[in-house]
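Trainee: I would like the atomic coordinates for the input below:
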Amino acid sequence: NKLKNTFISNVSHELRTPVTVLRTYIDTLCHNGDDFDEQTKKEFLNTLDTEAKRLHAMVNDILDFSRIESGNVCLKKEYSNHLSFLLYGTKDHFITYPFKLLINCFFSLYLYLKIHPDYIITTGAHTAGPMCCLGKIFGSRIIYIETFANISSKTITGKLLYPIADQFIVQWESMKELYPKAIFEGWIF
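Mentor: Numbering: from 1, shown residues only. Now for the predicted structure:
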């Protein structure tokens, strides 16, 4: 319940930002539009367009999330040709985890060689680090998103991929101190 409240709070904040920008720019153009030159008006309209697209994308994401939460969407059924699941395992299971990790690495390698993606986008963990290294060798571009959970420390995968990632994204501004070349645009979730 606390997680849901935090999510709603964050979504509310993220929705208010483009709405506020839209309202402010529209109000300014409506009431003071004659005071601006054509270039400024064009910049205002470009900003309105960007924020409207951002708002549209967020609303679509929320609606998709709502459909998934309600059980009206079965991802495995809807995307059966696109989804594959690796074996689940955590480092807490000292005996089985190494075997599952090894199997997942081979399965990931098989999928990589079969699909040969132009991009690998990941938040890391388990097979992601080694697969990104192999992908880089085979010419894939690597986009790494450092986990939202870390605010002031590097992850193992982050340390591994920072030097080779084509884009390295952090979700907290404080992480730019640890990864100076990283991109920070806010929370991705």
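
Trainee: in this structure, which helix has the most residues?
Mentor: Selection of the longest helix in the chain by residue count, based on DSSP state H, yields helix 38-70.

Trainee: Can you list the helices and strands that it packs against?
Mentor: Counting contacts by 3 or more CB pairs under 8 Å, 6 or more residues apart in numbering; DSSP states H and E, helix 38-70 packs against helix 2-32. For every residue, glycine as well, the C-beta is placed using N, CA and C.

Trainee: any idea which helix or strand carries residue 100?
Mentor: Residue 100 is part of helix 97-115, with elements assigned from DSSP states H and E.

Trainee: Then residue 95?
Mentor: Residue-wise, residue 95 maps onto no helix or strand under DSSP H and E.

Trainee: Same question for residue 152.
Mentor: For residue 152, there is no helix or strand it lies in under DSSP H and E.

Trainee: hang on, the earlier thing: next, the buried residues of the helix holding residue 100.
Mentor: Neighbour-count burial for helix 97-115, with 16 or more other CB atoms under 10 Å as criterion, is recorded at 100, 101, 104, 105, 108, 112.

Trainee: Now for the residues you listed: which two are most distant?
Mentor: 100 and 112 (18.1 Å; CB to CB).

Trainee: which one of the buried residues of helix 97-115 is nearest residue 187?
Mentor: Set against residue 187, the nearest of these by CB to CB is residue 108 (27.1 Å).
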